[in-house]
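Visitor: Prediction below, plus the sequence it came from.
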Protein chains: 2
Amino acid sequence: MHANVKQNVVPLITPGFKVACSQCNLRELCLPFGLSDSDMDRLDNLIGCGRKLKRGQHLYRAGAPFEFIYAVKSGFFKTDVLTEDGRDQVTGFQMAGEILGMDGISTEIHTCNAVALEDSEVCLIPFTELEMLSSEIRTLQHHLHKVMSREIVRDHGVMMLLGTMRAEERLAAFLLNLSQRFTARGYSPTEFHLRMTREEIGSYLGLKLETVSRAFSRFQDDGLISVQQKHIRIMDILRIKALLAPPDGRIG
Amino acid sequence: MHANVKQNVVPLITPGFKVACSQCNLRELCLPFGLSDSDMDRLDNLIGCGRKLKRGQHLYRAGAPFEFIYAVKSGFFKTDVLTEDGRDQVTGFQMAGEILGMDGISTEIHTCNAVALEDSEVCLIPFTELEMLSSEIRTLQHHLHKVMSREIVRDHGVMMLLGTMRAEERLAAFLLNLSQRFTARGYSPTEFHLRMTREEIGSYLGLKLETVSRAFSRFQDDGLISVQQKHIRIMDILRIKALLAPPDGRIG
DNA sequence: AAAGCGGGTTGACACAGATCAAAAGGGTAC
DNA sequence: GTACCCTTTTGATCTGTGTCAACCCGCTTT
């Protein structure tokens, strides 16, 4: 009931497959951004191979030694932290082109779990070697720093959300964020499939699953979206945006 | 009343002063950690000079072009983000040896404000040059990555706090965190002076200032701490820690 | 095709924390 | 040294979200 134990009894590692940044249609979103062809070859060389995960499988777990960072090639992930007393906080959802695993750099031990929310593929990027290569390729080095910084900025946004917003504002921000990221990947900005449960959304947004469900229903009643289980259709994105910037509102 | 406008009408930049990592008693906490003497000299060279700030002065503001990251040499800072509709979220408090400004790397524009909460001194580290140097000094490069990763992990902790904890748990976590950081700097683990207001603590913890005040009072009534305005004395750290790990509690 | 079950919705009620209000304390500026 | 204002404390009340519970829907499994 509670700790929501996903039983991946058999943590099968699907055999690696060859990947190549230069052939990847995500290269503009991902680490190789801005690299010359020859530099991209060197990065390809380093990355070597990928890994496939089934829905529910862990990419890594809190406590596991850090060795790689991962680029999501396809699929959808969540990351979460949990404390000894059983609290569980989803810290993010990652989609194609996004980087996972940077939490492990500081202590060489991962501090969160990364779980595939659907069948997924990632590229394995050995971090020590990435550091070596990035000290030779300025563009790569700088881009790595940007990726890490972007994660910090994103986290600040989540803090803002958790610290100052009310339930419906949080959900609105969540939907707009997903919409924008799907758009950047060439998918519909207004129609998409949620890969996560209401409980996972709630954990991310600091709400209980019932509150998430009620907010979805209310949005639907108000004609902002249409919800059918995990299928979302955004009907009135302007009014959703307006939820986040109340004309005047509670300030003062 | 509301937006709490600190009027630094005259953003005087106090003239720079020479700094040297090799002479700094914070070097074990700061960027130069683990560097050889000669490498530290090169870092010294790059850093050049520092900057003094009066209480209330901004080190940088959201929207300002990014050029430096900053190491706190002495004093105390807060960082906060604010949205166009006036929401304000404190994202962190920084003390000696900690690094500020990494939010600016990703877009070359700072996304948050950094304000001195007491008279303070920082070292200015030009980021482009730091990248150049770090591509030559493996230890420095790796340590920079660790510092950024540590920030990400810290942010996850704040998300956990904001997403799952109740008011008194948040305050307990906050006090323990401060205590631990003061300890690491050679100050008393049990007695310290808060540099920030109840409102700033509240913003950081996602609570209203009245709630923070009440929680302090309750801790005092329960004999956990003694509070006198901004002066805090921790009386029973074990019971404060116990607040964070309820023996069983609300799970399930 | 049926059964079982995890995930989702909805309702009733409880409560933690927000809000509103007032007063006191202490630090700062003059 | 004094006055003022910001900060803090405390009380009373309100409300958004959590909690508990029941039911339903639609997969997945067999």
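Guide: Received it, and whenever you're ready, just let me know what you need.
Visitor: Please make it C-alpha for all contacts and neighbour counts, starting now.
Guide: Fine.
Visitor: near DNA strand D, which residues of the stretch 151-252 of chain A?
Guide: With CA under 7 Å from any atom of the strand as the criterion, the stretch 151-252 of chain A comes near DNA strand D at residues A:165, A:166, A:167, A:168, A:206, A:207, A:208, A:209, A:210, A:211, A:229.
Visitor: Same list, the residues you listed, but as a markdown table with neighbour count and pLDDT please.
Guide: As requested, those are exported to a markdown table (neighbours: other CA atoms under 10 Å in any protein chain shown; pLDDT from 0 to 100):
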| residue | neighbour count | pLDDT |
| --- | --- | --- |
| A:165 | 17 | 97 |
| A:166 | 15 | 96 |
| A:167 | 20 | 97 |
| A:168 | 19 | 97 |
| A:206 | 26 | 98 |
| A:207 | 21 | 98 |
| A:208 | 17 | 97 |
| A:209 | 17 | 97 |
| A:210 | 12 | 97 |
| A:211 | 16 | 97 |
| A:229 | 12 | 87 |
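Visitor: what about the helices in the stretch 1-150 of chain A?
Guide: A:37-47, A:127-134, A:138-164 (DSSP state H, counting those that start in this stretch).
Visitor: Most tightly packed of these?
Guide: Mean neighbours per residue, mean count of other CA atoms under 10 Å in any protein chain shown, is largest over the helices of the stretch 1-150 of chain A for helix A:138-164, with a mean of 22.
Visitor: Can you tell me what sits against stretch A:175-186?
Guide: Contacts of stretch A:175-186 from elsewhere in the structure, counted by CA atoms under 8 Å, 6 or more residues apart in numbering or on different chains, are A:96, A:188, A:189, A:190, A:237, A:240, A:241.
Visitor: try 7 Å
Guide: Residues outside stretch A:175-186 that contact it (CA atoms under 7 Å, 6 or more residues apart in numbering or on different chains): A:188, A:189, A:190.
Visitor: Narrow these to just the buried residues.
Guide: A:189, A:190 (16 or more other CA atoms under 10 Å in any protein chain shown).
Visitor: quick one: stretch A:128-138 to chain centroid distance?
Guide: Distance of stretch A:128-138 from its chain centroid, counting by CA atoms, centre = their mean, to the nearest Å, is 24 Å.
Visitor: Check stretch A:88-106 too.
Guide: On CA atoms, centre = their mean, the centre of stretch A:88-106 falls 6 Å from the chain's centre.
Visitor: What parts of the stretch 151-252 of chain A come near chain B?
Guide: Counting by CA under 7 Å from any CA of the partner chain, the stretch 151-252 of chain A comes close to chain B at A:152-153, A:155-156, A:159-160, A:162-164, A:205-206, A:245-246, A:251-252.
Visitor: any idea how far residue A:217 lies from residue A:84?
Guide: To residue A:84, residue A:217 is 34 Å away according to CA to CA, to the nearest Å.
Visitor: Could you count how many residues lie near the residue nearest to residue A:116 when sequence neighbours are not counted?
Guide: Distance criterion CA to CA, 6 or more residues apart in numbering or on different chains; nearest residue to residue A:116, sequence neighbours excluded, is residue A:77 at 4.4 Å. A count of nearby residues for residue A:77, using other CA atoms under 10 Å in any protein chain shown, gives 28.
Visitor: Show me the beta-bridge partners of residue A:77.
Guide: residue A:94, residue A:116 (DSSP bridges).
Visitor: Am I right that it is in contact with residue A:94?
Guide: Yes: judged on CA atoms under 7 Å, residue A:77 makes contact with residue A:94 at a distance of 5.0 Å.
Visitor: Can you check the pLDDT for the nearest residue to residue A:71 once chain neighbours are set aside?
Guide: In space, residue A:71 comes closest to residue A:99 once its chain neighbours are excluded; the distance is 4.6 Å by CA to CA, 6+ apart. Looking at residue A:99, its pLDDT is 97.
Visitor: what residues are up against residue A:99?
Guide: Counting by CA under 7 Å, 6+ apart, residue A:99 has contacts A:69, A:70, A:71, A:72.
Visitor: Pull the number of nearby residues for the first one.
Guide: Neighbouring residues of residue A:69 were enumerated by other CA under 10 Å; the total is 21.
Visitor: does it really touch residue A:129, like I thought?
Guide: No: the pair residue A:69 and residue A:129 fails to qualify as a contact (CA under 7 Å) at a distance of 10.9 Å.
Visitor: In space, what's closest to residue A:124 - neighbours in sequence excluded?
Guide: That would be residue A:70: by CA to CA, 6+ apart, it lies 5.0 Å from residue A:124.
Visitor: Which single one of the residues of the stretch 151-252 of chain A next to DNA strand D is nearest to chain B?
Guide: residue A:206 (4.1 Å; CA to the nearest CA).
Visitor: between residue A:217 and residue A:84, who's got more neighbours?
Guide: Between residue A:217 and residue A:84, residue A:217 has the larger neighbour count (other CA under 10 Å), namely 17 against 8.
Visitor: From residue A:227, how far out is that one?
Guide: 8 Å.
Visitor: Same check on residue A:107?
Guide: 42 Å.
Visitor: and if you look at residue A:39?
Guide: From residue A:39 to residue A:227 the distance is 45 Å (CA to CA).
Visitor: again with residue A:89
Guide: 25 Å.
Visitor: Let me see the contact set for the spatially most central residue of chain A.
Guide: Nearest to the geometric centre of chain A sits residue A:94, at 1.7 Å (CA atoms, centre = their mean). Residues near residue A:94 by CA under 7 Å, 6+ apart: A:76, A:77, A:78.
Visitor: how about the residues of the stretch 101-250 of chain A near DNA strand C?
Guide: A:196-199, A:209-214, A:216-217, A:227-230, A:250.
Visitor: so residue A:206 sits right up against residue A:162, yeah?
Guide: Yes: with contact defined as CA under 7 Å, residue A:206 counts as touching residue A:162 (6.3 Å).
Visitor: Which residues are in contact with each of those two?
Guide: Joint contacts of residue A:206 and residue A:162 (CA under 7 Å, 6+ apart) are residue B:163.
Visitor: quick one, domains of chain A?
Guide: A:17-151, A:165-244 (automatic domain parsing).
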